[in-house]
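Colleague: what's the 3D shape of this:
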Amino acid sequence: MAILAVVVAASLVVLYLRRRVLQREGGFDMCMRVGSEHGWAGGWVFGIGRYRGEYLEWFRTFSFAPRPKRSFERSELVVSNRRTPDAEEDFELPAGHVVLSCAVGATSVEMSMTDAASTAFLAWLEAAPPGGHLVR
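Modeller: Numbers count the residues shown, from 1 in each chain. The predicted model follows:
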């Protein structure tokens, strides 16, 4: 029983440290739901978003994986709608989150984040890489 308690405690510490490292590197809380254009498609999954150059990387909160679960290239992401969570989503999502309906090619993706993070996300989408137009 003691070995099981140590394994559980070590797992929790690893998850905590992974989250701290991701947030220290510019990560922010972001929930995601993929393929939800026709209603419920598996529900919201909690995660951490992080910008890496031309990519938005998304890591599941409760995962030990060192690599992102999903990665979206800036040029492929299109935001079609911004809304507040509906009554049902209000119970699933953290307080203060807004929902962005996006498309990545033919796949629909909904992202949920705080209002400030959504403003930063939209600004990141519209911004060109620094100095990119000066390089030949």
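Colleague: what's around the residue lying closest to Leu15 once chain neighbours are set aside, how many residues?
Modeller: Nearest residue to Leu15, sequence neighbours excluded (CB to CB, 6 or more residues apart in numbering): Phe62, at 6.6 Å. Every C-beta, even on glycine, is put in place using the N, C-alpha and C of the backbone. Neighbourhood size, Phe62 [other CB atoms under 10 Å]: 11.
Colleague: same question for Asp90.
Modeller: Using other CB under 10 Å, Asp90 has 11 neighbouring residues.
Colleague: any idea how far Phe62 lies from Glu89?
Modeller: With distances taken as CB to CB, to the nearest Å, Phe62 is found 20 Å from Glu89.
Colleague: which secondary structure element of this structure has the lowest mean pLDDT?
Modeller: Every helix and strand of the chain was ranked by mean pLDDT, DSSP states H and E. The lowest is helix 2-24, at a mean of 79.
Colleague: and the contacts of that helix?
Modeller: With contacts defined as CB atoms under 8 Å, 6 or more residues apart in numbering, helix 2-24 is touched by 27, 48, 50, 59, 61-62, 64, 66.
Colleague: this structure: strands as residue ranges?
Modeller: 28-34, 45-52, 55-60, 70-73, 77-83, 97-104, 107-114 (DSSP state E).
Colleague: what helices or strands is the third one leaning on?
Modeller: Packed against strand 55-60 by the contact rule (3 or more CB pairs under 8 Å, 6 or more residues apart in numbering; DSSP states H and E) you find strand 45-52, strand 70-73.
Colleague: for Arg82, which of the ones you listed is the nearest?
Modeller: strand 45-52 (15.8 Å; CB to CB).
Colleague: for Leu93, list the residues it contacts.
Modeller: Taking CB under 8 Å, 6+ apart, one finds 31, 44, 85, 99, 112 in contact with Leu93.
Colleague: go on, Gly26?
Modeller: Contact analysis of Gly26 by CB under 8 Å, 6+ apart lists 50-51.
Colleague: do Lys69 as well
Modeller: Neighbour list for Lys69: 47, 58-60, 63 [criterion: CB under 8 Å, 6+ apart].
Colleague: list only buried entries from those residues.
Modeller: Buried subset of the contacts of Lys69 (neighbour count, 16 or more other CB atoms under 10 Å): 47, 58-59.
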